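K.L.:
What would the 3D arrangement of this be:
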Amino acid sequence: MILEMKNIVKVYDRVVANKNVSITLEKGEILAIVGENGAGKSTLMKILYGLERPNSGEIYINGKKQVFRNPSDAMKQGIGMVQQHFMLFDTMTVTENIIYNNEISKGVFLDIDANRKKVRELSKRYMLEVDPDKLVKDCPVGVQQRIEILKILHQNADILIFDEPSSVLTPIEVDELLKTMKRLSNMGKSIILITHKLGEVMEVADRIVVMRDGEVVAEKRREETSIEELSYFMIGRQTTSPVIKDLEPCKEVLSVKNLSKVDESGKKLLGNINISVRGGEIVGIAGVSGNGQSELIKCITGLDTDYTGKIEVCGINVTNKGVGFIRKAGLAHIPEDRYYWGSAKEATIAENVLMGDENTERFSKKGLLNFREIRKHVYRIVENYGVKVSFLAQKMKELSGGNAQKLIVAREIEKKTPFLVACEPTRGIDVGAMEFIHEKLIEKRNNGGGILLISSELSEILKLSDRIYVIYEGRIEHEFTNKNLDSRKLGFLMLGGKTA
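P.N.:
Below is the predicted model:
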């Protein structure tokens with residue numbers, strides 16, 4: 001046994017994140033740890049990697065008790081972590097990123113040739129192809145992930161923790177990642193996979209641990225379980241599929257014509273984009289992260305007003321207008337980053353729910369807030385959307401990621417606007433919260449609302465969308481109606497492939 005964590009307890013103020021959690025890991029094994037947001041799996045991995053200290057419990061590596069005060073202590077014991085958000089230097093080369101802090105030197109100088117040779121050897125040994133001399137910023141997301149893995153392998157890690165590793169990958173890149181995990185496992189590396197994608201778990205894991213409310217509630221060999229059973233253990237009930245009615249789309253709620261944008265250096269970020277959304281339909285934008293989705297949404301929502309072309313929301317010309325004007329025209333917006341764009345982390349839950357509505361007649365009169373009506377509104381949202389909170393004065397940053405996301409989704413859907421822009425609405429959340437948010441989006445669509453859905457999750461795009469646009473390098477390359485559209489074909493087009 002290469003790893004044993006025994007009776008781990010971690011308490012934050014009054015919240016128990018881990019309650020006597022025990023897990024084991026064998027050499028060459030792939031262990032998946034799954035659970036809802038707030039289940040305690042990420043806290044457990046932070047403890048293993050030295051980012052957090054447990055209140056009690058013990059960690060053994062190869063039978064020897066260890067105390068990790070920081071990640072350096074964990075790395076010295078052969079533990080490496082592939083973070084969900086890559087820890088790379090964009091303006092440095094692939095070689096410089098992989099060898100960082102473990103450089104081969106010739107006297108006081110860096111031995112560039114020896115380091116480049118070392119990277120090539122690592123790349124060949126683990127069959128993870130990279131160009132040693134390429135700048136990281138010029139590498140696709142899938143290649144950047146390979147660089148992260150090689151960086152950890154260069155540090156001689158025997159235990160690799162993967163935290164939601166496929167969240168930004170296309171289906172083709174996900175296939176390559178899963179093959180890499182199996183290959184590393186066959187070479188004797190031990191892997192812990194943290195994910196909410198049960199399909200990937202069932203494809204790659206040897207053993208699965210399910211956590212709920214800070215405790216281990218089930219442990220299964222892959223061949224002894226199913227996606228349905230794991231879902232049940234995770235959320236304590238059976239999942240359901242939402243009903244998507246056949247509707248005839250009605251009035252146009254978004255019209256984008258000939259939209260183009262360049263950056264300060266003159267580089268084209270968006271090229272002559274034409275898209276539309278009508279009431280009673282969900283329109284998906286499929287694309288690998290970084291192909292212009294963020295720039296497009298900023299223009300539509302008023303976060304960026306420096307572009308050419310024409311944008312109409314609910315029949316009103318909002319071209320080059322700001323956020324306030326466009327929201328009044330009939331737009332609500334679930335931002336792609338729930339903390340940077342979607343909320344104020346230091347503000348209370350009630351204050352975050354009120355955002356954008358503080359001056360409406362319902363909640364304000366003659367400049368004075370109606371706290372009674374505000375509390376009633378916030379209580380209703382918290383209850384109807386199943387947001388787990390301690391009290392309304394609790395700070396946003398104290399909520400789990402899934403609950404913060406549900407609160408933002410609730411705030412924007414409850415504005416009941418004709419048009420909703422939903423960016424990465426289920427990023428990084430568990431199967432139960434994802435199911436709930438999907439139901440709410442479909443409910444809005446079924447009631448005649450129009451939704452523009454931007455998601456790096458192809459399964460989400462295919463499940464919810466009536467029509468799909470493919471974006472590549474800032475251009476809309478293809479448009480489809482979603483009728484038996486193949487995910488592999490869509491993934492191929494997202495990478496710049498061409499249809500016959």
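
K.L.:
any residues touching stretch 460-467, and which ones?
P.N.:
Stretch 460-467 is contacted by residues 244, 249, 281-286, 425-426, 438, 441-442, 445, 453, 455, 468, 479-482, 485, 487, 490 when judged by CB atoms under 8 Å, 6 or more residues apart in numbering. Glycine gets a C-beta too; all of them are placed from N, C-alpha and C.

K.L.:
Strands - which of the residues you listed land there?
P.N.:
Of the positions in the contacts of stretch 460-467, 282, 283, 284, 285, 286, 453, 468, 479, 480, 481 sit in strands, assigned by DSSP state E.

K.L.:
Filter these down to the buried ones.
P.N.:
By neighbour count, with 16 or more other CB atoms under 10 Å, the ones in strands among the contacts of stretch 460-467 hold 282, 283, 284, 285, 286, 453, 468, 480 as buried.

K.L.:
so who does the fifth one touch?
P.N.:
Put plainly, it is residue 286. Counting by CB under 8 Å, 6+ apart, residue 286 makes contact with 455, 458, 461, 468, 469, 470, 471, 490, 493, 494.

K.L.:
next one: residue 468
P.N.:
Residues in contact with residue 468, defined by CB under 8 Å, 6+ apart, are 283, 284, 285, 286, 461, 462, 479, 480, 481, 482, 485, 490.

K.L.:
Taking the contacts of residue 286 together, which two end up most distant?
P.N.:
455 and 493 (15.4 Å; CB to CB).

K.L.:
Comparing the two, which residue is more hemmed in?
P.N.:
Higher neighbour count among residue 455 and residue 493: residue 455, with 24 against 21, using other CB atoms under 10 Å.

K.L.:
show me the contacts for the more buried one.
P.N.:
By CB under 8 Å, 6+ apart, the residues touching residue 455 are 284, 285, 286, 422, 423, 424, 425, 426, 427, 461.

K.L.:
Run the chain-centre distance for the one helix or strand the fourth one maps to.
P.N.:
Here residue 422 sits within strand 419-423, counting by DSSP states H and E. Going by CA atoms, centre = their mean, to the nearest Å, the spacing between the C-alpha centre of strand 419-423 and its chain's C-alpha centre is 17 Å.

K.L.:
CA-only coordinates of that strand, as PDB, when you get a sec.
P.N.:
In PDB, the C-alpha atoms belonging to strand 419-423 read as follows (Å, rounded to 0.1, in the frame of the first residue of the first chain):
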ATOM      1  CA  PHE A 419     -33.200  36.800 -22.700                       C
ATOM      2  CA  LEU A 420     -30.600  35.000 -20.600                       C
ATOM      3  CA  VAL A 421     -26.900  34.600 -21.300                       C
ATOM      4  CA  ALA A 422     -25.700  31.500 -19.500                       C
ATOM      5  CA  CYS A 423     -21.900  31.100 -19.400                       C
END
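
K.L.:
any chance of the contacts of residue 468 in a markdown table, plus pLDDT and distance to residue 303?
P.N.:
Converted to a markdown table, those look like this (pLDDT from 0 to 100; distance: CB to CB, whole Å):
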| residue | pLDDT | distance to residue 303 |
| --- | --- | --- |
| 283 | 96 | 20 |
| 284 | 94 | 21 |
| 285 | 94 | 16 |
| 286 | 88 | 22 |
| 461 | 88 | 22 |
| 462 | 86 | 28 |
| 479 | 87 | 25 |
| 480 | 86 | 28 |
| 481 | 85 | 30 |
| 482 | 76 | 28 |
| 485 | 73 | 30 |
| 490 | 78 | 27 |
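
K.L.:
end-to-end on stretch 420-432?
P.N.:
End-to-end distance of stretch 420-432 (CA to CA, to the nearest Å): 22 Å.

K.L.:
can you give me the strands in the stretch 301-450 of the chain?
P.N.:
Under the criterion DSSP state E, counting those that start in this stretch, strands of the stretch 301-450 of the chain are mapped to 308-313, 316-317, 331-334, 364-365, 368-369, 419-423, 450-454.

K.L.:
Turn these into TSV, columns for mean pLDDT and distance to residue 32.
P.N.:
Output for these, formatted as TSV (pLDDT from 0 to 100; distance: least, CB to CB, whole Å):
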stretch	mean pLDDT	distance to residue 32
strand 308-313	97	43
strand 316-317	97	49
strand 331-334	96	29
strand 364-365	84	49
strand 368-369	86	47
strand 419-423	96	28
strand 450-454	96	28
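
K.L.:
Nearest to residue 16, out of these?
P.N.:
strand 331-334 (30.5 Å).

K.L.:
what comes into contact with the closest one?
P.N.:
By CB under 8 Å, 6+ apart, strand 331-334 touches 297, 300-301, 313-314, 327, 342, 408-409, 412-413, 415, 417, 419-423, 425.

K.L.:
ok, it: who's next to it in the sheet?
P.N.:
Strand 331-334 has its sheet partners listed here by DSSP bridges as strand 419-423 (parallel).

K.L.:
show me the residues around the nearest residue to residue 316 once chain neighbours are set aside that make contact.
P.N.:
Excluding its sequence neighbours, the residue lying closest to residue 316 (CB to CB, 6 or more residues apart in numbering) is residue 329, at 4.3 Å. Counting by CB under 8 Å, 6+ apart, residue 329 makes contact with 313, 314, 316, 318.

K.L.:
Likewise for residue 189?
P.N.:
Per CB under 8 Å, 6+ apart, neighbours of residue 189: 28, 157, 158, 159, 160.

K.L.:
quick one, what contacts the fourth one?
P.N.:
The neighbours of residue 159, taking CB under 8 Å, 6+ apart as the test, are 2, 3, 25, 61, 78, 79, 80, 189, 190, 191, 192.

K.L.:
What is the nearest of the contacts of residue 468 to residue 121?
P.N.:
Residue 121 lies nearest to residue 490 out of the contacts of residue 468, by CB to CB, at 36.3 Å.

K.L.:
What's the mean pLDDT across the helix or strand containing residue 295?
P.N.:
Using DSSP H and E, residue 295 maps to helix 293-301. Averaged over helix 293-301, pLDDT sits at 94.

K.L.:
Identify all contacting residues around it.
P.N.:
254, 256, 259, 261, 269-270, 273, 285, 287, 303-305, 307, 311, 313, 323, 326, 331, 333, 336, 421, 423, 452, 454, 471, 474.

K.L.:
Quick one: end-to-end length of stretch 318-334, please.
P.N.:
19 Å.

K.L.:
List the contacts of residue 492.
P.N.:
For residue 492, the contact set (CB under 8 Å, 6+ apart) comprises residue 172.

K.L.:
Next, work out how far apart it and residue 473 are.
P.N.:
Distance of residue 492 to residue 473, computed by CB to CB, to the nearest Å: 15 Å.

K.L.:
Helices along the stretch 51-200 of the chain, start to end?
P.N.:
71-76, 94-99, 112-125, 141-154, 171-186, 198-204 (DSSP state H, counting those that start in this stretch).

K.L.:
Show me what the longest one is packed up against.
P.N.:
Secondary structure elements in contact with helix 171-186, counted by 3 or more CB pairs under 8 Å, 6 or more residues apart in numbering; DSSP states H and E, are strand 30-35, helix 141-154, strand 190-194, helix 198-204, helix 487-494.

K.L.:
about what we covered before: ok, of the contacts of residue 286, which one's closest to residue 13?
P.N.:
Distances from residue 13 to the contacts of residue 286, taken by CB to CB, are shortest for residue 455, at 34.1 Å.

K.L.:
Where does pLDDT dip in this structure?
P.N.:
37, 84, 167-168, 170, 236-243, 245, 428-430, 484, 497-500 (pLDDT under 70).

K.L.:
Where does the record place the domain boundaries for it?
P.N.:
3-235, 252-494 (automatic domain parsing).

K.L.:
For the last one, measure first residue to last.
P.N.:
Same thing as domain 252-494. Start and end residues of domain 252-494 are separated by 26 Å (CA to CA).

K.L.:
Run through who's touching the strand holding residue 422.
P.N.:
253-254, 277, 293, 297, 300-301, 313-314, 330-336, 409, 412-413, 441, 444, 449-455.
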